[in-house]
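K.L.:
here is a sequence together with a model predicted from it:
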Amino acid sequence: MCRAISILKSRINLELLEEYNLRSRIHLRSDGAGEEIIFDFADRQNEPQLPVIHAGQMLIYEWGNRGGKLPKLPKTGWCRDESLKAGKWRWMSPEPVIIPAQFGMEKGIWFVVTEGIRGIVVRDQAERPHVYMLTQNASTYFQNMTKHDRMPVLVGEQI
């Protein structure tokens, strides 16, 4: 799958950086590299969140339903693409989004993301948006690299 993503800090506007207190997520991968913001579903110090491009603008939404605290929503942060296409999420009126990222991470292995990752947004009982990352069966390469049988649905590319 994809447990975390990183996006260059320069791609997040200052208002979002401040509104969602993203400074604690800033990391420097190496000398000479730009600062990145890491969004990790398993991070216990921060709410699980993801940046999304929704209705033409970048926003920050809660990532799934970690811990199952919302009874209406699936207790995960991912949606199988084949389930979405089969209509199993139709009752939640999912809307497509793009999750902008430079890198994705699964089981400690970082991989390059060129254009972004596909996702959907659904709303909870209070009409708050939650994003779920779309996944598909992993390619042989991705499975060998991460030891996981699911991978994110990437925009315009295949790993």
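P.N.:
Here it is on my side, so go on. No experiment lies behind these values; they were computed from the predicted model shown. Residues are numbered from 1 along each chain as shown.
K.L.:
how about the helices of this structure, start to end?
P.N.:
Remark: helices assigned in the chain by DSSP state H are 14-19, 81-85, 140-146.
K.L.:
tabulate those helices (TSV), appending distance to Glu106.
P.N.:
For glycine as for every other residue, the C-beta is placed from the backbone atoms N, C-alpha and C. Shown next, in TSV, are the helices of the chain (distance: least, CB to CB, whole Å):
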stretch	distance to Glu106
helix 14-19	25
helix 81-85	16
helix 140-146	4
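K.L.:
looking at those helices, which is nearest to Gly68?
P.N.:
When the helices of the chain are compared by CB to CB, helix 81-85 sits nearest Gly68, at 17.7 Å.
K.L.:
list the contacts for the closest residue to Val97 other than its chain neighbours?
P.N.:
Beyond its immediate neighbours in the sequence, the residue positioned closest to Val97 (CB to CB, 6 or more residues apart in numbering) is Val52, lying 4.2 Å away. Neighbouring residues of Val52 by CB atoms under 8 Å, 6 or more residues apart in numbering: 58-61, 97-100, 119, 121, 131.
K.L.:
and if you look at Gln45?
P.N.:
Counted by CB under 8 Å, 6+ apart, Gln45 has contacts Ser24.
K.L.:
from Pro71, how far out is Asp124?
P.N.:
Distance, Asp124 to Pro71, by CB to CB, to the nearest Å: 9 Å.
K.L.:
just to revisit the earlier point, bridged to the residue nearest to Val97, which residues?
P.N.:
Counting by DSSP bridges, Val52 is bridged to Leu59.
K.L.:
just the ones of the contacts of Val52 in strands?
P.N.:
Among these, the members falling in strands (DSSP state E) are 58-61, 97-99, 119, 121, 131.
K.L.:
need the buried ones from these selected in ChimeraX.
P.N.:
Those of these that count as buried under 16 or more other CB atoms under 10 Å are selected in ChimeraX with:
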select :59,60,61,97,98,99,119,121,131
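K.L.:
kindly reformat the ones in strands among the contacts of Val52 as a markdown table containing pLDDT and distance to Ala138.
P.N.:
Below are those laid out as a markdown table (pLDDT from 0 to 100; distance: CB to CB, whole Å):
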| residue | pLDDT | distance to Ala138 |
| --- | --- | --- |
| Met58 | 96 | 28 |
| Leu59 | 97 | 28 |
| Ile60 | 97 | 27 |
| Tyr61 | 98 | 25 |
| Val97 | 98 | 22 |
| Ile98 | 98 | 21 |
| Ile99 | 98 | 18 |
| Gly119 | 98 | 17 |
| Val121 | 98 | 24 |
| Val131 | 98 | 21 |
